[in-house]
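K.L.:
What would the 3D arrangement of this be:
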Amino acid sequence: MHILEEIADKKKQNTVESVLHLFGVESLEKIDIVVHTDYEPQANMDFDHERTLSLQSGTAKPMLRLYSWKPHAVSLGAHQRESDIDRAACERLGIAVVRRPTGGRAIVHADELTYSVVLPLVTRGEAHRTIHDIYRDVHILLLRALHQMGATMLDFEKKQPDFRAHYKSGSVAMPCFASSARHEIVQGTRKVVGSAQKLYGSVVLQHGSILLGRGHERLADILNLNSDAEREQIRTTICERSASLGELLGRTISFEECAEAILRTLKS
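P.N.:
Coordinates of the predicted model:
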């Protein structure tokens, strides 16, 4: 089956059945569904990491978590150089610095809803699935919720990724929202949700940012760059290759509205 036909077929499935199948459980009560709005940045990263280890050891349920950032923060990918970030600029702007357990490049977490899922790679119903299958299926569920909010202009990236620009030579790599891969949620060529994964043995952690406003663009202000011209190029690239729900819908989108849409979709 062609990949776009496969996605269309999965979109038609009952949402509750899709969620149970994704998490490998018999009922929603067997999934921890958590909303956090008051965790500090490092606590957010620690919570996802520790829950993944707990599921791996058999002492916790699979989890869907929705959270925000107080204060705003920049997260570095697991293997990214700390020198990519200007610490003095972060302190001046009140932006905390943390490191994600997942890969990718720096992201400023500001006007967004962050989600995380922790679930087994294989289940009784999916004995041979891959992390790419999980990436796709999580995004299908998110896309349903965003459509219910009125963002029907959103769809999946239909082209294969080209990471040459993403990993360009120079002092700092292009930011996460400057590149798109298969199964990304986009409006045209502009990315609205950026996600990353890490496999812990047989357990997958996937988390990502749903852009509600334009706070992520502040990344250009805190990168260590060689010149103002390079800073403006980064800013332009972020603006051209990302879009927020607020921009697309022409109104302010709160964390609460987006969280409620996702939770409502899970049970529909």
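K.L.:
Regarding residue 206, what is its secondary structure?
P.N.:
strand (DSSP: H, G, I helix; E, B strand; the rest coil).
K.L.:
wait, doesn't it sit right on residue 199?
P.N.:
No: look at residue 206 against residue 199 with CB atoms under 8 Å: they stay out of range, at 9.8 Å. Yep, even glycine has a C-beta here, placed from its N, CA and C like the rest.
K.L.:
More neighbours: which of the two?
P.N.:
A direct count of neighbours by other CB atoms under 10 Å for residue 206 and residue 199 places residue 206 higher, at 22 against 15.
K.L.:
That one - nearest residue in space that isn't next to it in sequence?
P.N.:
Once flanking residues are discounted, residue 206 sits nearest to residue 197: 4.6 Å by CB to CB, 6 or more residues apart in numbering.
K.L.:
Just the pLDDT for that neighbour.
P.N.:
In this prediction, residue 197 carries a pLDDT score of 96.
K.L.:
which outside residues touch the host helix or strand of it?
P.N.:
Applying DSSP states H and E as the criterion places residue 197 in strand 193-200. For strand 193-200, contacts defined as CB atoms under 8 Å, 6 or more residues apart in numbering pick out 52-53, 56, 77-78, 100-104, 107, 121, 131, 134-135, 138-139, 142, 176-177, 184-185, 204-211, 242.
K.L.:
which residues touch the spatially most central residue of the chain?
P.N.:
Central residue of the chain (CA atoms, centre = their mean): residue 208, 1.4 Å from the mean position. For residue 208, the contact set (CB under 8 Å, 6+ apart) comprises 114, 115, 116, 193, 194, 195, 196.
K.L.:
Closest to residue 21 out of these?
P.N.:
Nearest to residue 21 among these is residue 115, at 18.2 Å by CB to CB.
K.L.:
and the nearest residue to that closest one once chain neighbours are set aside, what element?
P.N.:
Spatial nearest neighbour of residue 115, chain neighbours left out: residue 66 (5.5 Å); criterion: CB to CB, 6+ apart. Per DSSP H and E: residue 66 is located in strand 63-67.
K.L.:
Check which helices and strands the helix or strand following that strand is in contact with.
P.N.:
Downstream of strand 63-67, the first helix or strand assigned by DSSP H and E is strand 73-76. Judged by 3 or more CB pairs under 8 Å, 6 or more residues apart in numbering; DSSP states H and E, strand 73-76 is in contact with helix 41-57, strand 96-99, strand 107-109.
K.L.:
re the thing from before, partner strands of the strand holding residue 66, with direction?
P.N.:
Strand 63-67 has its sheet partners listed here by DSSP bridges as strand 32-36 (parallel), strand 112-120 (antiparallel).
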